[in-house]
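Engineer: Fold the following.
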Amino acid sequence: MINKSDIVASLSNNLKSYSSSDIEFSVKTIISFISKSLYSGDRVEIRGFGTFSLHHHNSRTARNPKTGELVALEKRTSVHFKPSLELKKRVNNKN
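Structural biologist: Prediction:
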């Protein structure tokens, strides 16, 4: 698993002309921008990487698989990521 500090460290090693604090600020700013855009209901598309969008789920009755008991699920929204074709090809080593 890679976390935000791993990304900052990797970028710091590759981009010697920038300080770690500048890179950390940039990464935090990008993540904040994506979060705020999604909160506003906008879709975020990063060409060559993928698209972040919101999926809305209506309230429904579900079943607890362990007990079989019916459970009421409230209306909710989740973040959906759809990878680009280019990212899919890179992950599958099909450059």
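Engineer: Residue 37 - nearest residue in space that isn't next to it in sequence?
Structural biologist: Using C-beta to C-beta, 6 or more residues apart in numbering and skipping residues adjacent in sequence, the residue nearest residue 37 is residue 44, 5.1 Å away. Heads up, the C-betas are built off the backbone N, CA and C, glycines and all.
Engineer: For that neighbour, list each beta-bridge partner.
Structural biologist: Residues in a beta bridge with residue 44, per DSSP bridges, are residue 52.
Engineer: so what's it up against?
Structural biologist: 34, 37, 38, 51, 52, 53 (C-beta atoms under 8 Å, 6 or more residues apart in numbering).
Engineer: hmm, 10 Å instead?
Structural biologist: Neighbouring residues of residue 44 by C-beta atoms under 10 Å, 6 or more residues apart in numbering: 33, 34, 35, 36, 37, 38, 50, 51, 52, 53, 79, 81.
Engineer: Can you read off the pLDDT for the fifth one?
Structural biologist: Listed pLDDT for residue 37 reads 96.
Engineer: One more: the last one?
Structural biologist: Among the per-residue scores, residue 81 holds a pLDDT of 97.
Engineer: Correct me if wrong: it contacts residue 52.
Structural biologist: Yes. With contact defined as C-beta atoms under 10 Å, residue 81 reaches residue 52; the gap is 5.6 Å.
Engineer: Return the set of buried residues in the helix ranked longest in the chain.
Structural biologist: Among all segments of the chain classified by DSSP state H, the helix with the greatest residue count is helix 20-39. Along helix 20-39, these residues count as buried under the neighbour rule (16 or more other C-beta atoms under 10 Å): 23, 24, 38.
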